[in-house]
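Q: One predicted model, sequence on top.
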Amino acid sequence: MNSSLQKTIAENLKEHLLGLCGLEEFSTILNYGVLPAGKLFRPKLALASFLDQNPNRPLDLSMLSSEQNIALILSALEIHHAYTLIHDDLPCMDDDDYRRGRESTHKKFGQWQAVLAGDALLHHSHKLIGKCRGDEHYTLRAIFNWALGAKGLILGQVLDLSGLINENFSSLLRTHELKTGRLIQTSLLAGKWAASKQKISFTEIKATLRLGSNIGIVFQLLDDLSELTEELSKHERDVNPFLRFPKEAFHSLKEGHALIRNCTDYYLSEVLGEYFKKMGGILKEDLAKSENSYLLRQLEDKELETPIKALADSL
């Protein structure tokens, strides 16, 4: 995606965090949890969905001025994602001390600080959605609340932390669909909402939900596979599907990737292509080490070695 667009998304994110809290010490924690912006994958998906509604419209950065609906949506998505990461890293959840190459929020500032920072960012994401304007505004709010609440993303976290994710492969896919896929579905639908004068047909909603679910599952399975290129902790080994359900995980990844590659939307294909290229590079770099490959040493089903190499080349 155009680097100037990505830069504008990141600048809006900083602006939308200004004034969130009047206490400087806590504002520092909030900013630490969000900035600098990461891959911005979900905002990029939403922007691609927005742009693909009118692909012949010239790209104009003014469409991303900070108070435009689409700009508010992009920041809301990334801020909501940041809240989930802050909470996921807590000792009572995934217990990770590092995030994006630096100390996780609770490790840097303390546990109660991280809990409250996540709470504040969660509410702020909804505030930004509430600032969007349009006759069908309730549709956007309904999408956001359904996908990210107790029947969506949070339920996925419950399935993960309760251990239900490991009951069988269907439970694992359901967890990924909720915990990862729901925010991706929200990104695609919110982008369409912003571009379609706030009206989306039921048929289009269903098609977008199916696509978002596929992207979410493939995104998570690719992330799980790429984790095998490094030494895994005990927890990571316990939940990695390529160690627990290797054939099922690879089949779902390959099938989902094939479906997504059939997407004909220009901007969405561009964003997904960038992601697949990056992940393919990570896998190929490790696989090229042959006997020193972390992935091949940790993979317990050796029959998948050749198919995984072929998948990496196709990404």
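A: Perfect, thanks for sending it. Residues are numbered from 1 along each chain as shown.
Q: Pick out the residue closest to the middle of the chain.
A: residue 42 (5.4 Å; Cα atoms, centre = their mean).
Q: what helix or strand does that residue sit in?
A: helix 41-51 (DSSP states H and E).
Q: now the strands for this protein?
A: 98-99, 102-103 (DSSP state E).
Q: from memory the residue nearest to the centre of the chain sits against residue 183, does it?
A: Yes - with contact defined as Cβ atoms under 8 Å, residue 42 counts as touching residue 183 (5.9 Å). C-beta here means a position set from N, CA and C on the backbone, and glycine is covered the same way.
Q: what is in contact with these two at once?
A: Common neighbours of residue 42 and residue 183, using Cβ atoms under 8 Å, 6 or more residues apart in numbering, are 77, 81.
Q: Now do the contacts for the nearest residue to residue 248 once chain neighbours are set aside.
A: Nearest non-adjacent residue to residue 248, counting by Cβ to Cβ, 6 or more residues apart in numbering: residue 169, 4.4 Å away. Taking Cβ under 8 Å, 6+ apart, we find residue 169 in contact with 241, 245, 248-249, 252.
Q: For residue 306, see how far away residue 169 is.
A: 22 Å (Cβ to Cβ, to the nearest Å).
Q: cool, residue 115 as well?
A: 46 Å.
Q: With neighbour numbers in mind, choose between those two.
A: residue 115 (16 against 9; other Cβ atoms under 10 Å).
Q: Check which helices and strands the longest helix belonging to the chain sits against.
A: Identified as the longest helix of the chain according to DSSP state H is helix 202-227. When contacts are defined as 3 or more Cβ pairs under 8 Å, 6 or more residues apart in numbering; DSSP states H and E, helix 202-227 sits against helix 41-51, helix 169-176, helix 182-195, helix 241-244, helix 246-261, helix 266-287.
Q: Pull out the buried residues from that helix.
A: 205, 208-209, 211-222, 224-227 (16 or more other Cβ atoms under 10 Å).
Q: same deal with stretch 8-26?
A: Within stretch 8-26, the residues that count as buried by 16+ other Cβ under 10 Å are 8-10, 12-13, 16-17, 20-21, 26.
Q: do the same with stretch 51-66
A: Buried-residue list, stretch 51-66, by 16+ other Cβ under 10 Å: 51-53, 63-64.
Q: Tabulate these (CSV), appending pLDDT.
A: Listed next are these as CSV, based on pLDDT from 0 to 100:
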residue, pLDDT
51, 94
52, 94
53, 91
63, 87
64, 92
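Q: Please tell me how far the lowest-mean-pLDDT helix or strand in the chain is from the chain's geometric centre.
A: Taking mean pLDDT, DSSP states H and E as the measure, the chain has helix 234-239 as its least confident helix or strand, at a mean of 80. In terms of Cα atoms, centre = their mean, to the nearest Å, the centre of helix 234-239 is set 21 Å apart from its chain centre.
Q: helices or strands up against that helix?
A: By 3+ Cβ pairs under 8 Å, 6+ apart, helix 234-239 packs against no helix or strand.
Q: what does it contact?
A: With Cβ under 8 Å, 6+ apart as the criterion, helix 234-239 contacts 94-95, 160, 165-166, 227, 243.
Q: Out of those, flag the one nearest to residue 267.
A: residue 227 (28.6 Å; Cβ to Cβ).
Q: all helices of the stretch 1-150 of the chain, in order?
A: 3-17, 24-34, 41-51, 69-88, 105-109, 111-130, 137-148 (DSSP state H, counting those that start in this stretch).
Q: So what touches the second one?
A: It stands for helix 24-34. 13, 17, 20-21, 78-79, 82-83, 85-86, 105, 108-109, 113-114, 116-118, 120-121.
Q: 6 Å instead?
A: Helix 24-34 has contacts (Cβ atoms under 6 Å, 6 or more residues apart in numbering) with 20-21, 82, 86, 105, 109, 113, 117.
Q: about what we covered before: format the helices and strands packed on helix 202-227 as a markdown table; extra columns: distance to residue 231.
A: Shown next, in a markdown table, are these (distance: least, Cβ to Cβ, whole Å):
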| stretch | distance to residue 231 |
| --- | --- |
| helix 41-51 | 25 |
| helix 169-176 | 22 |
| helix 182-195 | 28 |
| helix 241-244 | 13 |
| helix 246-261 | 19 |
| helix 266-287 | 12 |
